[in-house]
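> below is the structure, and that's it, no one-letter string:
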C-alpha cells in the first residue's frame, strides 16, 4: 500500500497564478500514476494538499507563500451574528446526500452559477464529463449534498468524507437567491454536519488574503492554519 513516505511528487513548471495577478505560481503534484484513495488523501490533506478531480496538489511557489491551508475545528466554531442570522433564515431548506453522478439538474445549476458568478474565469463552458471529473474522484469517498426548498434545487455542496473530517470541495448555487447567502449557509451546514458525524475538522482549502475569491474563509472562527509544517489555531491575519 502506498504511503506518503513512498509516494513520488513532481513539481510543475512556473505558470501564471490563478488567484493573484502578476504572480508566478508552481505546483507540487502527487504522482498521477498512483491511486490516491481516501486513506492516503486523509494523510496528504494534513500536509496542506488538496485535490481537483484525481489530481492531488499543493502550491510550491518560489517567491510567494500566500496560499495557506485552513480548517475549522468544528466543536470550537462560534458563528458570528451574521452567520447566526443566515443559519436561521435557511432552516426551511432540506438537505439530502446523494452519490456523485451525472445529473442534468445539477449540471444546469452549475452552468448557471458559473455564468453568473465566475464569468470569464476559464470555466464558463464546462461539459458534463469534465464537470464530474473536476468534482469527484473514483477512489475517494465523495458526497453531493443537495439543498432543496419545496423540491426546488437551490445548491449543491460537494465534500470528501475523510478519516478525520470533511473536506469542502466545491459549492454551487442559484445566484438569484442572494438574500439567503447560500454559499455561507453551505459552509455552516457542513460545519454542523461534520460535528454531528463526530469528526473534528472541516477542511476549507486555501485561504489567500489578497484574493476576494479566497479570503472569505477567515470569517469562520476559530480557524486552524497550516504553516511551517504544523497546524496552529489562530486567525490568518495574525499568523505572521
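Cool, got the structure. Keep in mind that this is a model prediction, so the values were computed, not measured. Numbering: from 1, shown residues only.

> I'd assumed residue 162 was in contact with residue 169.
No. Taking Cβ atoms under 8 Å as the definition, residue 169 is not a contact partner of residue 162, at 11.1 Å. Every C-beta, even on glycine, is put in place using the N, C-alpha and C of the backbone.

> tell me the contacts of residue 40?
Listed by Cβ atoms under 8 Å, 6 or more residues apart in numbering, the contact set of residue 40 reads 2-4, 7.

> of those residues, the lowest pLDDT goes to which?
Confidence by pLDDT is poorest for residue 2 among those, given 79.

> so who does it touch?
Listed by Cβ under 8 Å, 6+ apart, the contact partners of residue 2 are 34-35, 40.

> tell me the SS of residue 106?
Secondary structure, DSSP: H, G, I helix; E, B strand; the rest coil: residue 106 is helix.

> before we move on, which element is the residue nearest to it when sequence neighbours are not counted in?
The shortest distance from residue 106 to any non-neighbouring residue, by Cβ to Cβ, 6 or more residues apart in numbering, is to residue 156 (5.6 Å). Per DSSP states H and E: residue 156 is located in strand 152-161.

> that strand pairs with which strands, parallel or anti?
Take DSSP bridges as the rule and strand 152-161 pairs in its sheet with strand 142-149 (antiparallel), strand 165-173 (antiparallel).

> most tightly surrounded among these?
Burial of the strands paired with strand 152-161 is given as mean neighbour count (mean count of other Cβ atoms under 10 Å); strand 165-173 ranks first at a mean of 23.

> what is the mean pLDDT for that strand?
Here the average pLDDT along strand 165-173 is 97.

> check the offset of that strand from the chain's centre.
5 Å (Cα atoms, centre = their mean, to the nearest Å).

> same deal with stretch 212-223?
How far stretch 212-223 lies from its chain's middle: 12 Å, per Cα atoms, centre = their mean.

> buried sites along it?
By neighbour count on 16 or more other Cβ atoms under 10 Å, the buried set for stretch 212-223 is 214, 217-218, 220, 223.

> from the contacts of residue 40, which two are the most distant?
For these, the maximum inter-member distance is 8.5 Å, found between 2 and 4 (Cβ to Cβ).

> good, wrapping up.
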